[in-house]
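1. what's the 3D shape of this:
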Amino acid sequence: MKMSERKFALVGNPNSGKSTLFNALTGLDQKVGNFPGVTVDLYEGHLKLDATHQCTLVDLPGAYSLHANTKDEFILTKQLVHPSSNLSIHGIIYVLDVRYLNKQLLLLSQVLDLGFQVVVALSFTERLEEEDRLHITEFISENTSCKVIPIHSKSGKGILELQDALLHLPSNKIFRKPIYQIPVSYLKELESNTSLMDKTLYHRLLLKHYQVDPAGNNFGLNPFSHPESIHQQIQETMSRYTILDNWVAILNKKHHPHTPSQSVLTRKLDAVATHPFWGYVLFLAVILVVFHSIFSLATIPMDWIEEGFLKINQFLRHQLPQHWSVDLLTDGVLAGLSGILVFVPQIAILFFLITILEEAGYMARVVFLFDRFLGIFGLNGRSIIGLISGGACAVPAIMSSRTIGSWRDRLLTMFVIPLIPCSARIPVYAALVGFLIPTSAKGWWVNPQGLVFVGLYALGIVAALLTALLLKQFVKTEEKSFLLIQLPDYQLPYFKQVLSNTWHKVYSFISEAGKIIIIMSMIIWFLCTYSFPGRLDKVETNLNAEMQDKNLTEIEKANIISAAKLENSFAGIIGKHIEPAIKPLGFDWKIGIALLTSFAAREVFVGTMATIYQLGSEVEDLKLRERMQVEKRADGSKFFNMKTALSLILFYAFAMQCMSTLAVMKRETGNWKWPLLQFIYMSALAYLSSLLVYQLL
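-> Purely as a prediction, here's the structure:
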């Protein structure tokens with residue numbers, strides 16, 4: 001078999017440094033966070049071992065044992081145990097955190113008993129004395145028959161040695177002396193299973209625990225042997241710990257390696273970060289700093305981007321001949337893109353700061369802090385990972401809920417995550433918040449618009465919690481929810497990784513949103529530019545006749561004609577049919593078009609509005625927010641006043657306007673029942689909230 005066809009899996013406990021090593025080996029911008037459950041699916045990358053050989057690496061979800069309790073742990077177990085696994089893993093890199101040997105060795109012993117060729121990557125050894133590091137390496141190597149390599153992923157130490165070990169790792173499975181001795185009462189049945197003769201006895205025992213089918217579509221505890229399987233799992237785990245605790249005792253007795261579970265600094269910081277009162281105060285302060293930074297630091301680059309697009313647009317209009325394709329480029333594509341790209345600085349700052357908090361280890365404390373509070377609403381501490389991740393994007397946030405063991409807690413978490421304001425809402429909020437708080441408004445020490453953003457996030461969180469409390473009454477379960485979490489030491493963020501992750505997230509946002517926006521901008525431009533044959537010409541002729549005796553400038557006449565043509569275009573006709581349903585919310589047909597296009601993705605709203613207002617006016621040098629400020633109602637009053645802006649903000653705060661979220665909900669729940677219920681509930685909540693605010697304000 002050629003080395004280029006071989007595949008190795010990275011396996012380890014959460015927070016062991018597994019995903020960091022994956023990034024160091026492959027160079028991919030894989031998500032790395034210092035809190036549980038970062039990797040929730042399978043990720044692949046290629047590793048060049050030498051000048052002529054390369055292999056494929058698979059980053060599997062972190063787990064504490066092959067006896068899975070959560071969905072992401074089942075992914076790991078299935079890929080290592082299931083006979084129909086399509087990964088075809090030839091060897092394993094086991095990442096072992098030297099700080100927590102007593103917890104990390106259990107999964108290693110289970111992987112070894114499956115018969116895989118294993119290379120142990122010993123992480124966080126930089127905290128050890130050289131003598132202790134050498135002794136631990138030799139001891140684990142002797143007791144596991146594995147190559148053990150101390151590594152430091154961030155500095156690159158040990159990476160070349162690890163690549164060399166993979167290059168020379170035999171491709172065949174081995175049947176070493178098992179660490180766990182299977183009881184005699186189980187042996188006869190396991191040894192007689194001739195269909196699985198290529199598996200170790202322990203591998204056969206695990207398959208006995210789980211129900212599988214040839215297609216690999218069903219994988220879980222075997223309902224016919226569930227009580228027996230649970231008993232065997234408990235017995236096995238206790239037996240392994242008896243052996244492994246003895247290993248750790250021998251290591252500590254001989255060299256007393258300095259590997260405390262928590263540093264003194266960590267304990268002092270946790271006295272505040274996990275305090276039942278000051279912990280929440282600190283969390284609120286951190287969130288305020290994040291949103292203050294979003295506005296105060298992003299202002300200058302946002303102005304640069306807006307000015308740049310205006311100059312590009314003007315340059316193209318003056319240099320290129322008049323043609324429909326030029327109008328499509330300037331009034332359609334560029335207008336739509338400028339409406340979304342101007343908010344990239346705010347999104348980048350949000351991702352950057354959240355990644356720093358993850359890398360530093362603070363997010364694990366937030367999980368612990370909120371566990372008891374969230375339990376009131378039918379959620380648990382791990383739900384906070386999804387709720388906070390939802391501030392970036394609901395899709396990966398919903399997938400991160402796989403770390404939740406209770407089915408009900410997981411369902412409630414997935415259901416309410418879209419209520420948390422995501423990065424796609426930032427452009428909408430940023431475009432509208434100026435109508436609530438003027439840009440010129442000054443606060444004492446925090447940007448007033450930043451406070452409004454905090455309020456909007458607080459509104460989303462409150463709505464999510466109340467929704468979970470309501471849903472809890474209808475979704476019953478006998479499962480007991482509990483949180484078992486390891487709090488890692490605080491550490492300085494690895495800024496190269498922080499910047500890399502921020503760039504990856506921003507690029508992903510731009511590329512995904514950009515594709516949709518370009519397509520939607522072209523469609524909107526066509527709908528706003530054309531109508532039924534002769535209709536637009538007739539409108540222009542009639543208006544020219546009406547304006548002959550009026551003392552109007554050429555620009556004023558051109559603006560009136562442009563607005564009338566837009567209203568009689570295909571987009572205007574569609575919008576007029578929508579308008580009666582949304583007029584009670586304070587919206588007109590233009591916003592109606594933007595609402596429709598937003599169901600593809602929320603951020604398309606800004607691009608759609610930019611395209612519509614660009615085509616509805618002959619003035620070329622106005623920014624989108626300036627165009628919105630001069631928009632008038634039929635009675636001459638400002639269209640975007642505080643009441644209209646707040647109504648529109650609330651609609652976007654609650655409406656389910658993301659097809660990707662609905663798709664991932666269907667994937668995670670296995671049917672369309674919950675996504676459809678989610679869509680109906682959030683749409684109704686959005687409409688009623690906007691209606692009440694606009695009619696009562």
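
2. Give the next helix or strand downstream of the longest helix along the chain.
-> Using DSSP state H to assign secondary structure, the helix with the most residues in the chain is helix 495-529. Downstream of helix 495-529, the next assigned helix or strand under DSSP states H and E is helix 535-546.

3. contacting residues around stretch 672-686?
-> 411, 414-415, 418-419, 463, 467, 650-656, 662-663, 665-666, 669 (Cβ atoms under 8 Å, 6 or more residues apart in numbering). Quick note: C-beta positions are derived from backbone N, CA and C, even for glycine.

4. From those residues, which land in helices?
-> 411, 414-415, 463, 467, 650-654, 662-663, 665-666, 669.

5. out of these, which are buried?
-> The neighbour count (16 or more other Cβ atoms under 10 Å) marks 411, 414-415, 463, 467, 650-654, 662, 665, 669 as buried among the ones in helices among the contacts of stretch 672-686.

6. quick one, helices of the stretch 101-250 of the chain?
-> Along the stretch 101-250 of the chain, counting by DSSP state H, counting those that start in this stretch, helices occupy 101-113, 130-144, 159-167, 184-191, 201-209, 226-255.

7. So in that sheet, which strands flank whichever helix or strand Leu10 is part of, and in what orientation?
-> Element membership for Leu10, per DSSP H and E: strand 7-12. Using DSSP bridges, the strands paired with strand 7-12 are strand 54-59 (parallel), strand 91-97 (parallel).

8. Let me have the ones you listed in a markdown table, extended by mean neighbour count, distance to Phe570 and mean pLDDT.
-> Below are the strands paired with strand 7-12 laid out as a markdown table (neighbours: other Cβ atoms under 10 Å; distance: least, Cβ to Cβ, whole Å; pLDDT from 0 to 100):
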| stretch | mean neighbour count | distance to Phe570 | mean pLDDT |
| --- | --- | --- | --- |
| strand 54-59 | 21 | 48 | 85 |
| strand 91-97 | 25 | 57 | 92 |
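
9. closest to Val326 out of those strands?
-> strand 54-59 (47.0 Å; Cβ to Cβ).

10. could you point out which element follows that closest one?
-> Assigned by DSSP H and E, the successor of strand 54-59 is helix 71-81.

11. For the buried ones among the ones in helices among the contacts of stretch 672-686, work out which two are farthest apart.
-> Leu650 and Thr669 (27.3 Å).

12. picking up where we left off before, can you name the next helix or strand after the strand holding Leu10?
-> helix 18-26.

13. and that following helix, what does it pack onto?
-> When contacts are defined as 3 or more Cβ pairs under 8 Å, 6 or more residues apart in numbering; DSSP states H and E, helix 18-26 packs onto strand 7-12, strand 43-48, strand 54-59, strand 91-97, helix 159-167, helix 495-529.

14. How much space separates His292 from Val286?
-> 11 Å (Cβ to Cβ, to the nearest Å).

15. Give me the more crowded residue out of these two.
-> His292 (20 against 14; other Cβ atoms under 10 Å).

16. helices or strands up against whichever strand or helix holds that one?
-> For His292, the element it lies in under DSSP H and E is helix 278-296. Counting contacts by 3+ Cβ pairs under 8 Å, 6+ apart, helix 278-296 is packed against helix 264-273, helix 344-360, helix 362-375, helix 448-472.
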